[in-house]
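**Student:** need a structure here:
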Amino acid sequence: MDLKSNQTSPVLADPVPMSESILGIHSGLLPYTATGTAFSSSLFLTIPRKKPGILDDFRSSAWLDAMKSSSPTHHKITKDFSPEQSSKDGDIVYRNWLIKYPSALASFEQITNHAMGKKLALFLDYDGTLSPIVDNPDLAFMANSMRAAVRNAAKCFPTAIISGRSRDKVYEFVGLTELYYAGSHGMDIMGPVRPISKDQAKCIKSTDKQGKEVNLFQPASEFLPMIQEVFKSLVEITKDIAGAKVENNKFCVSVHYRNVDEKCWTTIGQSVNDILKQYPRLRLTHGRKVLEVRPVLDWDKGKAVEFLLESLGLSNCNNVLPIYIGDDRTDEDAFKVLKERNQGFGILVSSAPKESNAFYSLRDPSEVKEFLKCLVKWKKASSAL
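**Tutor:** Take a look at the predicted model:
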C-alpha cells in the first residue's frame, strides 16, 4: 500500500502550542495497515490545515522563529553592559522567575508535606534532566553518581523514564533494571503486567532483558514502516548540511541542528518540510535545537504518564502523588496532565526563565540528582517513624 498521499500540505504542529490542537477523527488521517486490521480511531489527532499559500507565508517566518526559540534564551553581552552587569541582570530575572516556579529543593519540605501518607511515583525525562545537553546526542551519558541516585530512588518509589529517544537507546544510557522505560515520547512503553483498561488490552506480553514478564504498549505501531521510510529520506536530504544529524527513535525521527550554522537553519527547516509534504499523517514538533517528526496521534508524554499510573495500579487513587521532572517542550504535556488532575507536581529543569505548566523548578541535572537523593533520605526517615 502506498505510504504517501496526494495531499501536499504537511501538518505543522509548532509553533502553535500542542494544547491548542483540535482533537477529533478524520478519515484521511487513518493509518495504513499491512494486515488490514483497524486501529483504534480514538487516538488520532486532527490538526486543521491552512490553505497552501497562507501556510507557505506563515512557515517562512514561523519555522525559523520556532527553531530559534527552542532553547533557553541566553542574555547577550552588549557594548553597553559589562559581563558582570549582564550576569547580574540575568540573575535578577531568574530570581524573579523563581517566585512563580520555586526551586523544588528550596520547597522540599512543602513537597514532602503533600506526600505524607501518599504513594509517590516518579517520572523522569532523560536528556537535559538526567544527563546534560551535549553537542553530540550519541554522547549524552549520565554520570555514575546520577545513575546511583536514580537507582536508589527506584528502590523507594515506582519510577519510569519517559524520553523522546528510542526505548532501547535510553535503556543503553541508563542501564538500570529497577525502573520502567517509555521511548519515542511515550509511544513505546514497557511496563508492568496489569491488564485493566481498553488501552491496556492492546498490550503485548513480552519479557525484558532479565526475562521478567512485562507489557509492551506501542500505540503508533502502524506507523513504523512510514517512520523508517521518512528517516531514510531525511538522512539523504540533510547529508550535505554540515552539522545536521538525523536520529531514528523508532516511532519518531529527530533532526538535530545544534551543530548547524544558524545561517543554515532555514535550509534544514525547509528540507524537513519538503519531506513532510508527502506525509500528511506525520507532524512536526520542536525541541531544544531539534525538529521531531511524529505520527499524527493523540498520544504524548502526558498520556504515557496516565497509562503508566494505571499499569502500576495507581490510577484514580487519592493517595498517589506523581512527580514528573523534565526540561523540554514535550515534557509540558506531562506537566499539564498533572496540573489538570490536580494531583502531583511537574518540575521544570531550566537555568533560564520560561513559561511552563510545571509547579516547581530545578536549575540543572546536578540539582535533579540532589532532589532525588533528598527524596530517598526523606523516604527512609519517614519509614523509620
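**Student:** where's the residue nearest the centre of the chain relative to I323, distance?
**Tutor:** Central residue of the chain (Cα atoms, centre = their mean): T330, 3.8 Å from the mean position. For T330, the distance to I323 equals 17 Å [Cβ to Cβ, to the nearest Å]. For the C-beta atoms, the positions are set from N, CA and C on the backbone; glycine is no exception.
**Student:** please apply the same query to S351.
**Tutor:** Using Cβ to Cβ, S351 is found at 20 Å from I323.
**Student:** correct me, but the residue nearest to the centre of the chain touches T285?
**Tutor:** Yes: under the criterion of Cβ atoms under 8 Å, T330 makes contact with T285 at 7.0 Å.
**Student:** need the residues touching each of these two.
**Tutor:** E292 (Cβ atoms under 8 Å, 6 or more residues apart in numbering).
**Student:** tell me how many other residues surround I237.
**Tutor:** Per other Cβ atoms under 10 Å, the neighbour tally for I237 reads 18.
**Student:** which ones are touching it?
**Tutor:** Contacts were defined as Cβ under 8 Å, 6+ apart; by that measure I237 touches S271, V272, D274, I275.
**Student:** again, only using 7 Å
**Tutor:** Counting by Cβ atoms under 7 Å, 6 or more residues apart in numbering, I237 touches S271, D274, I275.
**Student:** related to what we said a few turns ago, and S351 and I323? Which one has more around it.
**Tutor:** I323 (24 against 14).
**Student:** so what's V260 closest to, chain neighbours aside?
**Tutor:** With sequence-adjacent residues excluded and distances taken as Cβ to Cβ, 6 or more residues apart in numbering, V260 is closest to G243, at 4.1 Å.
**Student:** now name the helix or strand holding that neighbour.
**Tutor:** Using DSSP states H and E, G243 sits in no helix or strand.
**Student:** then H286?
**Tutor:** Taking DSSP H and E as the criterion, H286 maps to strand 282-287.
**Student:** partners of that strand, with directions?
**Tutor:** For strand 282-287, the pairing partners within the sheet under DSSP bridges are strand 11-12 (parallel), strand 290-295 (antiparallel).
**Student:** can you give me the strands for the stretch 51-200 of the chain?
**Tutor:** Ranges of strands in the stretch 51-200 of the chain, per DSSP state E, counting those that start in this stretch, are 119-124, 159-162, 180-183, 188-191.
**Student:** part of a helix, is K232?
**Tutor:** Yes: counting by DSSP: H, G, I helix; E, B strand; the rest coil, K232 is located in a helix.
**Student:** so how far does stretch 319-332 reach from one end to the other?
**Tutor:** Terminal residues of stretch 319-332 are spaced 24 Å apart (Cα to Cα, to the nearest Å).
**Student:** the inter-axis angle of the helix or strand hosting W265 versus strand 282-287?
**Tutor:** For W265, the element it lies in under DSSP H and E is helix 265-276. If you take axes from the mean of the first three to the mean of the last three Cα atoms, to 10 degrees, helix 265-276 sits at 150 degrees to strand 282-287.
**Student:** report the buried residues of helix 265-276.
**Tutor:** For helix 265-276, a neighbour-count test (16 or more other Cβ atoms under 10 Å) marks W265, T267, I268, G269, S271, V272, N273, I275, L276 as buried.
**Student:** the closest residue in space to the fifth one that isn't next to it in sequence and L291, how far apart?
**Tutor:** Using Cβ to Cβ, 6+ apart and skipping residues adjacent in sequence, the residue nearest S271 is I237, 4.8 Å away. When distance is defined by Cβ to Cβ, I237 is 12 Å away from L291.
**Student:** and M142, by the same measure?
**Tutor:** According to Cβ to Cβ, M142 and L291 sit 24 Å apart.
**Student:** give me the more crowded residue out of the two.
**Tutor:** More neighbours surround L291 than the other of M142 and L291, with 28 against 21 (other Cβ under 10 Å).
**Student:** excluding chain neighbours, give the residue nearest to that one in space.
**Tutor:** Distances taken as Cβ to Cβ, 6+ apart put V255 closest to L291, at 4.4 Å, once the chain neighbours are dropped.
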